[in-house]
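K.L.:
Output the structure for:
(4 chains)
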Protein chains: 4
Amino acid sequence: MNDDRPADFRARIRDSFSKQAAMRTIGAELTRVEQGTVEIELPFDEKLTQQHGFLHAGIISAALDAAGTYAAYSVLDPDASILTIEFKVNLMSPGRGERFLFRGEVTKPGTTIIVSDGRGYAISPDGPAKLIASMTGTMMVIRGREGIEG
Amino acid sequence: MNDDRPADFRARIRDSFSKQAAMRTIGAELTRVEQGTVEIELPFDEKLTQQHGFLHAGIISAALDAAGTYAAYSVLDPDASILTIEFKVNLMSPGRGERFLFRGEVTKPGTTIIVSDGRGYAISPDGPAKLIASMTGTMMVIRGREGIEG
Amino acid sequence: MNDDRPADFRARIRDSFSKQAAMRTIGAELTRVEQGTVEIELPFDEKLTQQHGFLHAGIISAALDAAGTYAAYSVLDPDASILTIEFKVNLMSPGRGERFLFRGEVTKPGTTIIVSDGRGYAISPDGPAKLIASMTGTMMVIRGREGIEG
Amino acid sequence: MNDDRPADFRARIRDSFSKQAAMRTIGAELTRVEQGTVEIELPFDEKLTQQHGFLHAGIISAALDAAGTYAAYSVLDPDASILTIEFKVNLMSPGRGERFLFRGEVTKPGTTIIVSDGRGYAISPDGPAKLIASMTGTMMVIRGREGIEG
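P.N.:
Numbers count the residues shown, from 1 in each chain, chains lettered A, B, ... in the order given. Below is the predicted model of the structure:
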C-alpha cells in the first residue's frame, strides 16, 4: 500500500467511478474511500428488482464487484490500472431494505494480483444492518496498456 | 427434468422474467428457453458501461446469473421455485460489441441443489462471437415458502 | 448457533474428524474447536509437496475445506449433518513453512445453508504467520438421510 | 496454443507431475495429455476417505486443480511456468466408486491469464461414469522467476 499521496488515490477513484455509467444507472454512490477500503451505497429502487420485489442478485453482485475493485485500486501506484479477473458472490438473504451498503476491502495486496473481499448489507430504519451477501474477487494490476487507464 | 408440459415451464419463465425490473432496466431480453438451457441477449448501451466504455463487469455478471438461474428454473417442477445461493464469474475479455449473448445451462439437476454453468459472448457484425465471460452458479430449490413463488 | 451443550459439538466434531482417513493421510490435526470457529494444523511434509517443494495447493484446499466444514458443523443441532456444496480458494503465497494453520469461521449460519470463510497461514520459527490462502464455502444442512450422519 | 513441438509439452508435464509428491501420496496418475486437455485418474483408497467412507472432497479438489493446472500448462510456451491463482469446486455427488477420472480443459488461453474448467467422474464396473464435481480455475503465466520453473 504504497501511495504516499492519499489525495491522489481518492481523486483517481472518484474520477474513475464517475465514468462508470453503469453505476449511475443503478444509482450507486461512492460514499467512502480509504486505502484498502471502499464503500458504495445504493438506495432501493423498484427498477432494480427481481420478480419478488427485492434488489436483484445481479445488482448486488455488480455493486460488490465495484466496491472490491475500487478497494484494490486504492492500493495501486498512480500509473497502474486494474482488471477484475473473476469474482464469487454468496447471496445470503433477500435484498430487502431501504438502502444497501457494499464494502470492499483488500485482503492481499500485490504487484500483479490483488485479492479483495466484500460484504453487502441491507439497511432499514427500524433495525440493524443485515448481511445479505459476501464476495471474493481477484484483480490483475495492469501497466502500460493503452486504452484501459483508470 | 421432470416437466411433461413444456409449454408450462416456458410460460412460467417468461412470466417471471417479465417481473424482473432489473432485467428491463439493463435492456435484457429472454431469447431462448429450452429445458436446461436459457439464453438472454442484451444490446450494447452506453448507460451500462464501465470507465473505458465497455459493458460493465457487473452487468455481464447480472445477465449470466439470470441465464443460469432460469436454466435451473426450466428443469423444476411447476410448484417449486429457486434461489441463487452463490455464483462465480470469470471475466475473460472486455465487454466490447454491439450485442451480447448469455447462455445458461444446467450441469447438474437435483431435487434440492441445481448447478448451472453459463457463457457470455460479445457479438459484432464483422466477426465471430467472442467468449467474454463464464459462470458457475449454485441454486437451491424452494418449496412451499410464501412470497417467493416464481 | 443453537447448541446449549458445548461439550457435545466438540465431541461430535472430534469424532467425525477422527473418521476422516484423508486428514490422517495428510497429517492434519484438529487444534481448536469453538462454536463458529475451527482450526486445523498441518506440519510440513515432503510427501505433500508440488513440483517446487512447497505445500501443494490441493492439500491447502483440502485443509481449508475441512476447517470451513467443521466450523459450520459446530453451529448445527446435534441431529443434523452437513455436506459441502461448493467452495472457492484463493492461493496467495507459496505454501512454504514449517507448519500451516487453517482457520474456518461461520459467516452466515442458517437452517438450510451455512456459509463459512477460511484463511490459511504458513508458520515459520523466524517470522510472523503469513497468509497463504483464503476460502469461502457453502454447506447444506442435512437431516434424516441415512448413511451420511456425522 | 502455440507449441509446435507436441512431444515437448507432454514431456514437460509428465516431468512436472512426477515431481508432485502430493499426487503420488494420493495415488494420482496422469493418464492423458493433449494440448488443452489433461486427465488424471485415481483409484479409490481407504486412506483418502471422509467420515462416511467416500473419497474426501479435499482430495477431489486437489485432483481437479491438478488436472486444470496441467491443462493450462499444455498450452504454454516452453519457457513459461504457471501458478494457480484461485479455483472453485462444486461437489455434486458423493465420491463413491472404484476409480475416479478428473479432466481439465482450457476454456480461455492467454498470455497472462489462463482459465481452465474441470469435471470429476466416479467410475464403477457396473454402470456409467457419474459426474461428481466440477471446477473452474484461474492460472497466471509466469516468466523469468527463478525457483518456480516447471
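K.L.:
Name the residues of chain A found near chain D, please.
P.N.:
A:85-86, A:88, A:112-113, A:138, A:140 (C-beta under 8 Å from any C-beta of the partner chain). (Each C-beta comes from the backbone N, C-alpha and C, glycine too.)
K.L.:
What's the PyMOL line that selects buried ones from the residues you listed?
P.N.:
This is the PyMOL syntax for the buried subset of the residues of chain A next to chain D, where burial follows 16 or more other C-beta atoms under 10 Å in any protein chain shown:
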select buried, chain A and resi 85+86+88+113+138+140
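K.L.:
For chain C, tell me which of the residues of chain A next to chain D show up nearby.
P.N.:
Taking C-beta under 8 Å from any C-beta as the test, chain C is in contact with A:88, A:138 out of the residues of chain A next to chain D.
K.L.:
From the residues of chain A next to chain D, which land in strands?
P.N.:
A:85-86, A:88, A:113, A:138, A:140 (DSSP state E).
K.L.:
export the residues you listed to TSV and tack on distance to residue C:30 and pLDDT?
P.N.:
Formatted as TSV, the entries for these read as follows, by distance: C-beta to C-beta, whole Å; pLDDT from 0 to 100:
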residue	distance to residue C:30	pLDDT
A:85	34	97
A:86	32	98
A:88	27	98
A:113	31	97
A:138	30	98
A:140	37	96
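K.L.:
Tell me the one of these nearest chain C?
P.N.:
Minimum distance to chain C across those is 4.8 Å, recorded for residue A:88 (C-beta to the nearest C-beta).
K.L.:
returning to what we had before: select, from the residues of chain A next to chain D, the two members most distant in space.
P.N.:
When these are compared pair by pair using C-beta to C-beta, the farthest-apart members prove to be A:88 and A:112, with a separation of 19.9 Å.
K.L.:
Show me which residues of chain A are close to chain B?
P.N.:
Along chain A, the residues adjacent to chain B under the rule C-beta under 8 Å from any C-beta are A:16-17, A:19-26, A:46-52, A:56-59, A:61-63, A:65-66, A:69, A:83-91, A:147-148, A:150.
K.L.:
Those residues, buried ones only, as a ChimeraX selection?
P.N.:
Remark: buried members of those, expressed as a ChimeraX selection using 16+ other C-beta under 10 Å:
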select /A:16,17,20,21,22,23,25,26,48,49,50,51,52,56,57,58,59,61,62,63,65,66,69,83,84,85,86,87,88,89,90,91
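K.L.:
what about the longest helix in chain A?
P.N.:
helix A:57-73 (DSSP state H).
K.L.:
what about it, distance to the chain center?
P.N.:
Per C-alpha atoms, centre = their mean, to the nearest Å, the displacement of helix A:57-73 from the mean C-alpha position of its chain is 3 Å.
K.L.:
what does stretch A:10-28 give?
P.N.:
Relative to where its chain is centred, stretch A:10-28 has its mean C-alpha point 10 Å off (C-alpha atoms, centre = their mean).
K.L.:
what mean pLDDT would you report for it?
P.N.:
Over the span of stretch A:10-28, the pLDDT mean works out to 96.
K.L.:
check contacts around residue A:79.
P.N.:
residue A:143 (C-beta atoms under 8 Å, 6 or more residues apart in numbering or on different chains).
K.L.:
same check, this time on residue A:111
P.N.:
Neighbours of residue A:111 in contact, by C-beta under 8 Å, 6+ apart: residue A:141.
K.L.:
May I have the phi/psi pair for it?
P.N.:
Summarising the backbone geometry of residue A:111 under the convention degrees, to the nearest 10, its torsions are phi -80, psi -20.
K.L.:
which residues in chain A form helices?
P.N.:
Counting by DSSP H, chain A has these helices, from start to end: A:6-18, A:21-25, A:57-73.
K.L.:
CSV for the ones you listed, including distance to residue D:132?
P.N.:
As requested, the helices of chain A are exported to CSV (distance: least, C-beta to C-beta, whole Å):
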stretch, distance to residue D:132
helix A:6-18, 43
helix A:21-25, 38
helix A:57-73, 27
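K.L.:
Alongside chain C, which residues does chain A contribute?
P.N.:
Taking C-beta under 8 Å from any C-beta as the contact definition, chain A meets chain C at A:88, A:90, A:92, A:107-108, A:110, A:115, A:117, A:131, A:134, A:136, A:138.
K.L.:
How about the most centrally placed residue in chain A, nearest residue that isn't a chain neighbour?
P.N.:
Centroid check for chain A by C-alpha atoms, centre = their mean gives residue A:67 as the closest residue, at 1.1 Å. Sequence neighbours aside, residue A:104 is the residue nearest to residue A:67 in space, at 3.3 Å (criterion: C-beta to C-beta, 6 or more residues apart in numbering or on different chains).
K.L.:
Give me the pLDDT value at that neighbour.
P.N.:
98.
K.L.:
can you pull up the bridge partners for it?
P.N.:
Beta-bridge partners for residue A:104, by DSSP bridges, are residue A:38, residue A:118.
K.L.:
State the number of residues packed around it.
P.N.:
Using other C-beta atoms under 10 Å in any protein chain shown as the criterion, residue A:104 is surrounded by 29 other residues.
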